[in-house]
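Okay, structure incoming, though there's no sequence with it:
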């Protein structure tokens, strides 16, 4: 159950001032969280206290966390690329390593004006791109309607649109040949490895956001095959994948007619496949 990295704070929203009940509640929450296996119990307690309005609410939140609910679902947000992105139970929690995909997209197409976030989950990638790029035409899709509802709330401030449906299916046809950044945080865990995932992910996040099929690349291959139809000249499709999957992912991009580049970030254990199409 413990997260692999310390809980993220966010610079986008100032923390409320500490209330009188915080100190006594902290002394209660930390042992509860530590006993449940939370490695960063003190930091998690502070985030819960900041999110709670009363001591009773904080205690209830700590109990949910101790029962295995992801911290982000407990407090209602995840830190991602300097933003507080709203999340809720049943929605995939954006991973910090996926910030590398955002960085690569911004570097590849720094003046993008049309952005699509496929397999969007909470819409974290789309929100981060829009926050960095400034005014853009922003669209997002996910097969899970719960995620789409969450993404709509997160993207509303950027004028973004979120659609429920399978990959490119629900996108407006007028976007064909106009997309500058096509970011797809596809599921890439091989089916037989899903049971090995931490309980937080396995029990509280949608299977469609995790299970990538036999070798983990079923959805990636479909994205690679469909991307050329949607990309603008000079546009780029970016997909995150596992280190051992890189050769097969590159082959899928090449077969789709894309010019491929692989970017790696060892510190975040992130691999991103970038593809462009020449016209």
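Looks like it came in fine. Just so it is clear, the model here is predicted, and its values are computed rather than measured.

how about the helices in the stretch 151-279 of the chain?
199-204, 218-230, 246-255 (DSSP state H, counting those that start in this stretch).

any idea how far residue 95 lies from residue 101?
In this structure, residue 95 and residue 101 are 10 Å apart, going by Cβ to Cβ, to the nearest Å. For glycine as for every other residue, the C-beta is placed from the backbone atoms N, C-alpha and C.

Looking only at neighbour counts, state which of those two leads.
Neighbours were tallied for residue 95 and for residue 101 using other Cβ atoms under 10 Å; the higher tally belongs to residue 101 (27 against 20).

Can you list phi and psi of the more buried one for me?
With angles defined as degrees, to the nearest 10, residue 101 shows backbone torsions of phi -60, psi -40.

Could you tell me which residues make contact with it?
Under the criterion of Cβ atoms under 8 Å, 6 or more residues apart in numbering, the neighbours of residue 101 are 125, 183, 185, 238-240, 270, 272.

Could I get the pLDDT score of it?
Residue 101 is assigned a predicted lDDT (pLDDT) of 98.

measure it to residue 35 for me?
According to Cβ to Cβ, residue 101 stands 36 Å off from residue 35.

cool, residue 266 as well?
Following Cβ to Cβ, the distance that separates residue 266 from residue 35 is 34 Å.

again, but for residue 165
To residue 35, residue 165 is 43 Å away according to Cβ to Cβ.

neighbours of the nearest residue to residue 141 once chain neighbours are set aside, just the number please.
Excluding its sequence neighbours, the residue lying closest to residue 141 (Cβ to Cβ, 6 or more residues apart in numbering) is residue 163, at 4.9 Å. Neighbouring residues of residue 163 were enumerated by other Cβ under 10 Å; the total is 16.

give me every residue that touches residue 163.
Under the criterion of Cβ under 8 Å, 6+ apart, the neighbours of residue 163 are 139-141, 148, 170-171.

now, which of these lie within strands?
Among the contacts of residue 163, the members falling in strands (DSSP state E) are 139-141.

from the residues you listed, which single one is nearest residue 231?
Taking Cβ to Cβ as the measure, residue 231 lies nearest residue 139 of the ones in strands among the contacts of residue 163, at 13.7 Å.

Show me what that closest one is bridged to.
residue 116, residue 161 (DSSP bridges).

Where is the longest strand in this structure?
Among the segments of the chain that qualify as a strand by DSSP E, the longest is strand 231-241.

Now that one: buried residues?
231-232, 235-241 (16 or more other Cβ atoms under 10 Å).

For the residue nearest to the spatial centre of the chain, which non-adjacent residue is closest in space?
Centre of the chain computed as the mean C-alpha position; nearest residue by Cα atoms, centre = their mean is residue 94, 2.8 Å away. Once flanking residues are discounted, residue 94 sits nearest to residue 124: 3.7 Å by Cβ to Cβ, 6+ apart.

burial count for the one you found?
31.

Run through this protein and note the low-pLDDT ranges.
Within the chain, the set of residues satisfying pLDDT under 70 comprises 1-24, 279.

Could you pull out the strands in it for me?
Assigned strands in the chain, in chain order: 77-80, 83-86, 114-118, 137-142, 161-164, 179-184, 231-241, 259-265, 270-276 (criterion: DSSP E).

Out of these, which gets nearest to residue 59?
strand 77-80 (19.7 Å).

Pull up the pairing partners for that closest one, direction included.
Looking at strand 77-80 with DSSP bridges, its paired strands and their directions are strand 83-86 (antiparallel).

got the contact list for the partner strand?
10, 12-13, 76-79, 94, 122-124, 127-128, 131, 150, 153-154.

Then stretch 140-158?
Residues lying outside stretch 140-158 but in contact with it, judged by Cβ under 8 Å, 6+ apart, are 85-88, 90-92, 116-124, 126-127, 130-131, 136, 138, 160-171, 206, 208-209.

Among those residues, filter down to the buried ones and hand me the PyMOL syntax, if you would.
Selection command for PyMOL covering only the buried members of those, criterion 16+ other Cβ under 10 Å:
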select buried, resi 85+86+87+91+92+116+117+118+119+120+121+122+123+124+126+127+130+131+136+138+160+161+162+163+164+167+168+170+171+206+208+209
